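**Student:** below is the sequence, then the predicted model.
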Amino acid sequence: MKPATLSLPTLDKPRGQIRVLVVDDSVTARDLLAYIVNRDAALQVIGVAENGRGAVGMACRLRPDVVVMDVNMPDIDGYTATQQIMTQCPTRIVLVTAHQSVTEIANTFRTVEVGALALLRQPVAPTHCLFEEDAKLLVDTIKLMSEVSVVRRIGHPESDRTVRQTPTISPSSVTIRLVAMGASTGGPAVLQAILAQLPADFSIPILIVQHIARGFAGGFATWLDQSCLLAVKLAEQGERPRSGHVYVAPDDVHLTLGNEGQMLLMASPRQCGLRPAVACLFSSVARHCGAHAVGVLLTGMGRDGAQELGDMKRAGAITLVQNAETAAINGMPGAAVELGAASFVMAPDDIAATLLSLQR
C-alpha cells in the first residue's frame with residue numbers, strides 16, 4: 001500500500017531568491033516541509049530528496065542555498081549526509097528531527113560537529129495549534145542561515161584546528177570565580193570547540209546561555225557533556241556553581257546569578273525577544289561577581305548580551321568576544337565591539353587558551 005500523502009494547497013506566489021533542497025524519507029513530512037518553504041515568497045524549493053544519498057547528489061548538482069533535511073533516515077542518515085555534503089559541496093544545512101528524548105536529541109547534535117548549522121523540531125501538522133509557530137521558526141531559520149558563510153570540511157573536525165599562541169593578559173591579583181558565556185546562531189559548534197580544550201579539573205565554573213529551539217536544551221547539555229571532559233548539565237534552581245562543571249540554561253527560563261552566588265531560574269519577561277537571554281545572565285554576573293568574572297560573547301544574530309557585556313567590563317570583569325572571521329553571524333559579537341564592551345576580540349581557540357591561563 002502506498003504511503004499517505006499530505007494534501008496541501010498550491011500557493012501561487014512569485015519565486016524567491018533563497019533556493020532550498022528538502023530531504024526526508026517520509027512523503028508526508030517532505031510535502032509539509034516543501035509547503036512551508038514555498039508559501040513564503042522569499043523562498044523556493046528547487047528539489048526534494050527521499051534519503052541522504054539522494055541529498056548528497058542533489059546538493060552537489062543543484063547547489064541550493066540551504067538544505068533542510070531530516071536526521072533519521074534509512075541508508076544514509078542526516079549525520080552521514082551532512083558529513084558528505086560538507087566535504088564534497090559545502091552547503092548551509094538545517095536539520096529537523098521528530099526525536100523528543102534527551103538521548104536522541106543529544107545524538108542529533110553530532111551533526112553540528114560535521115557542519116550542520118541549526119537543529120529544529122520537525123514541524124507539526126497544519127491542524128495543530130503549534131503549526132504556525134513551527135513554520136515561522138523554520139522559515140526564519142532558513143533565511144538567517146542563507147546569510148552564513150560555509151566552510152568545506154575534510155575528515156574529522158579536529159583536523160581543522162591550528163596551533164595558536166595564547167594571548168597575553170596582564171597578571172592580576174583578582175581570582176576569577178565564574179565564566180559566563182552567551183551564544184546564538186552557530187554557537188553549539190563553537191561552545192563545543194572551546195569546552196573540548198578545557199581539562200576535567202578546570203577550576204572555574206561556567207554558565208552558558210545558548211539560544212536554541214524549545215525542547216533541545218537538555219539534549220544540547222548532554223551532547224556537550226559527552227564531547228568534553230568537563231561535567232555539563234542543565235542549571236537547577238538554587239544550585240551553586242562548582243569547579244569542573246558547566247551549567248546550561250534550561251528551556252524558556254532566564255539563567256541568572258543570585259546575590260549569594262546561587263543560580264536562579266526566572267520566568268520573567270523576555271529580553272531582546274528571548275528567554276533565556278544572554279543579557280540577563282551577564283547583567284546579574286556584573287552585579288554579583290564584578291571583577292571576579294569572565295564574560296564571553298560568541299556568534300549570533302542581534303544584540304543580546306552586548307550592552308550587558310559592557311556592564312561586566314565596567315565592573316572590572318575580563319570580556320572576551322569572538323572575532324568576525326570565525327563567527328557564523330557577527331551580530332552579537334559585532335555589537336559588543338561597537339559598544340566598546342570587549343577587552344579582547346579573538347578566535348575560539350584563543351578564547352579557550354585564555355580561559356586556561358586565568359586559572360589559579
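**Tutor:** Done, it's in.
**Student:** can you list the domains in this protein?
**Tutor:** 18-145, 162-357 (automatic domain parsing).
**Student:** can you put these in CSV and add mean neighbour count and mean pLDDT?
**Tutor:** Quick note: C-beta positions are derived from backbone N, CA and C, even for glycine. Output for the domains of the chain, formatted as CSV (neighbours: other Cβ atoms under 10 Å; pLDDT from 0 to 100):
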stretch, mean neighbour count, mean pLDDT
domain 18-145, 20, 95
domain 162-357, 20, 94
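**Student:** how about the helices of the protein, start to end?
**Tutor:** Along the chain, the stretches classed as helices by DSSP state H are 27-38, 52-62, 78-88, 102-108, 110-113, 131-145, 187-195, 217-227, 278-289, 306-314, 331-338, 348-357.
**Student:** could I get those helices as a markdown table with distance to V96?
**Tutor:** Shown next, in a markdown table, are these (distance: least, Cβ to Cβ, whole Å):
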| stretch | distance to V96 |
| --- | --- |
| helix 27-38 | 7 |
| helix 52-62 | 13 |
| helix 78-88 | 9 |
| helix 102-108 | 10 |
| helix 110-113 | 11 |
| helix 131-145 | 8 |
| helix 187-195 | 16 |
| helix 217-227 | 14 |
| helix 278-289 | 25 |
| helix 306-314 | 30 |
| helix 331-338 | 24 |
| helix 348-357 | 26 |
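**Student:** can you tell me which of those comes nearest to V174?
**Tutor:** Shortest distance between V174 and these, using Cβ to Cβ, is found for helix 278-289: 10.4 Å.
**Student:** using PDB, list the CA coordinates for the closest one.
**Tutor:** Provided in PDB are the C-alpha atoms of helix 278-289 (Å, rounded to 0.1, in the frame of the first residue of the first chain):
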ATOM      1  CA  VAL A 278      22.300  36.400  27.500                       C
ATOM      2  CA  ALA A 279      21.500  39.900  28.700                       C
ATOM      3  CA  CYS A 280      20.000  38.600  32.000                       C
ATOM      4  CA  LEU A 281      23.000  36.300  32.800                       C
ATOM      5  CA  PHE A 282      25.600  39.000  32.000                       C
ATOM      6  CA  SER A 283      23.700  41.700  34.000                       C
ATOM      7  CA  SER A 284      23.500  39.500  37.100                       C
ATOM      8  CA  VAL A 285      27.100  38.500  36.900                       C
ATOM      9  CA  ALA A 286      28.200  42.100  36.600                       C
ATOM     10  CA  ARG A 287      26.200  42.900  39.800                       C
ATOM     11  CA  HIS A 288      27.300  40.000  41.900                       C
ATOM     12  CA  CYS A 289      30.800  39.000  40.600                       C
END
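**Student:** so which elements touch that helix?
**Tutor:** strand 178-183, strand 206-210, strand 254-257, strand 293-297, helix 306-314 (3 or more Cβ pairs under 8 Å, 6 or more residues apart in numbering; DSSP states H and E).
**Student:** now with 10 Å?
**Tutor:** When contacts are defined as 3 or more Cβ pairs under 10 Å, 6 or more residues apart in numbering; DSSP states H and E, helix 278-289 sits against strand 178-183, strand 206-210, strand 254-257, strand 263-266, strand 293-297, helix 306-314.
**Student:** you'd agree V174 is up against A315?
**Tutor:** No. V174 lies out of contact with A315 (Cβ atoms under 10 Å); the separation is 11.5 Å.
**Student:** joint contacts of the two?
**Tutor:** 290-293 (Cβ atoms under 10 Å, 6 or more residues apart in numbering).
**Student:** residues contacting the residue nearest to M69 when sequence neighbours are not counted?
**Tutor:** Excluding its sequence neighbours, the residue lying closest to M69 (Cβ to Cβ, 6 or more residues apart in numbering) is V23, at 3.9 Å. Listed by Cβ under 10 Å, 6+ apart, the contact set of V23 reads 29-30, 33, 47-52, 54-56, 58-59, 67-70, 73, 78, 81, 85, 93, 95-96.
**Student:** go through the helices of the chain and name the closest to Q322.
**Tutor:** helix 331-338 (4.7 Å).
**Student:** ok, and what's touching the closest one?
**Tutor:** By Cβ under 10 Å, 6+ apart, helix 331-338 touches 144, 182-185, 187, 211, 272, 278, 295-310, 313, 319-324, 326-327, 330, 341-342, 345.
**Student:** now do it against strand 178-183, angle only.
**Tutor:** 120 degrees (axes from the mean of the first three to the mean of the last three Cα atoms, to 10 degrees).
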